[in-house]
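> A structural model of the following input is requested.
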Amino acid sequence: MIYIGLMSGTSMDGIDAVLVDFKSGKPELIGSLHTSYDNSLKKELSKLITTDAPISLVARADHRVGLAFAESVNNLLKKFSVNEKDCAAIGSHGQNIFHQPDTEFPTSIQIGDPNIIAEQTGITTVADFRRRDMAAGGQGAPLAPAFHEMMFRKKNSDHGSVILNVGGISNITILSSNPDQPTTGFDCGPGNTLMDSWSLKNQHKAFDDNGDWGARGSINQALLTDLLSDPYFHKQPPKSTGREYFNLPWLEARLSKYSSLNAKDIQATLCELTALCCGQAINTFAPAAVEVLVCGGGVHNAALMARLAAALPNCDIKPTSTYGVDPDWVEAIAFAWLARQTLTEKPGNLPDVTGARHPVILGGVYKA
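Predicted structure coming up:
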């Protein structure tokens, strides 16, 4: 009953790996491990996002990420003294490099060759979760809401709640207090990705620790208005996005009119952008919610959490650890759960979230 979840999000900083026990029916976290990508792989992955990379570079990165994922699993097993024979499967999200759901030929590409993972770990691996949903007419993302529903929906609650994941991209899951109302959700827009990119460019730091640098700046309302005018923020769900859309070139194209702004004021404005795109999504599509449970790396950004509180004055904002799930590992646990759904032949998508025509069993299975 032990499954492994592997998650590398749009921040592209490394791999979250978790061991999850399902013997009680609900997932129980046994152990976790974060492994940072080495700098050469980070640079390689960045090239895949911001340029028209040759297929040879994509293939190379696919192999390297597969090796990194397999090594992460083996280190996780060693750290917690778990034998691979006791593990049913690995659920690997992979490293997203391209997500384009709204074109004539919609697709989503997550690299990290699952053949390598299965071969080097000796554990059956489930991967490529998004495209089965897309084949059924869905966005292919977000996929975590089905897991959020199982973990956090309180059937007897007299109020609705929202799960807010702030990774590289931010997304929400709306859990109604009415058991007859379906769970919904969508990608709000940028989470940490723009703040991280701007911090790396100007501070040579992968992220703005605790949001302290941006907190010393001032929000520029004109720039904020320009950023929020992007069509994605006004698009109706179902919708999903990624770093191939919200990235440093996207930001720099909009900064051309604001050359006099200093870098920390831009960082403060980016923090407010993330807070407002999440807050407006919740206020618009979950106006009855009084509780917002936050997970993902953004939960550690005190400045962002303060701006979220300002954007959502009627909501109690708290981490998912309030209900016993560490906010750093929610997404990785979700992919362990999704792998179990696949192997037990149960759907992993929610059509009311992704827009798919019907529920489907997600992912391809790579036998050990």
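> what's the nearest residue to residue 355 once chain neighbours are set aside sitting at in phi/psi?
Nearest non-adjacent residue to residue 355, counting by Cβ to Cβ, 6 or more residues apart in numbering: residue 238, 3.5 Å away. Where you see a C-beta, it was placed from the backbone N, CA and C, and this is true even at glycine. Here is the backbone geometry of residue 238 (degrees, to the nearest 10): phi -70, psi 140.
> measure residue 106 to residue 248 for me?
Distance of residue 106 to residue 248, given as Cβ to Cβ, to the nearest Å: 25 Å.
> Can you pick out the residue with more neighbours from the two?
Per other Cβ atoms under 10 Å, whichever of residue 106 and residue 248 has more neighbours is residue 248, with 19 against 16.
> my read: the more buried one touches residue 49, true?
No - at 9.3 Å, residue 248 does not count as touching residue 49 under the criterion of Cβ atoms under 8 Å.
> list the contacts for the residue lying closest to residue 350 once chain neighbours are set aside?
Computed as Cβ to Cβ, 6+ apart, the closest residue to residue 350 that is not its neighbour in sequence is residue 146, at 4.9 Å. Taking Cβ atoms under 8 Å, 6 or more residues apart in numbering, we find residue 146 in contact with 183, 338, 341, 347-350, 353.
> From what I see, residue 95 and residue 111 are in contact.
Yes - counting by Cβ under 8 Å, residue 111 is a contact partner of residue 95 at 5.2 Å.
> Can you check which residues contact both of those two?
Contact criterion Cβ under 8 Å, 6+ apart; residues shared by residue 95 and residue 111: 61, 65.
> Could you point out the longest strand of the protein?
Under DSSP state E, the strand in the chain containing the largest number of residues is strand 87-100.
> After that strand, which helix or strand is next?
Under the assignment DSSP states H and E, the closest C-terminal helix or strand after strand 87-100 is strand 107-111.
> Return the set of buried residues in that following strand.
Across strand 107-111, burial judged by 16 or more other Cβ atoms under 10 Å covers 108-111.
> Partner strands of that strand, with direction?
When pairing is defined by DSSP bridges, strand 107-111 lines up against strand 87-100 (antiparallel).
> tell me how far the strand it pairs with is from the chain's mean position?
Remark: strand 87-100 is offset 11 Å from the chain centroid, using Cα atoms, centre = their mean, to the nearest Å.
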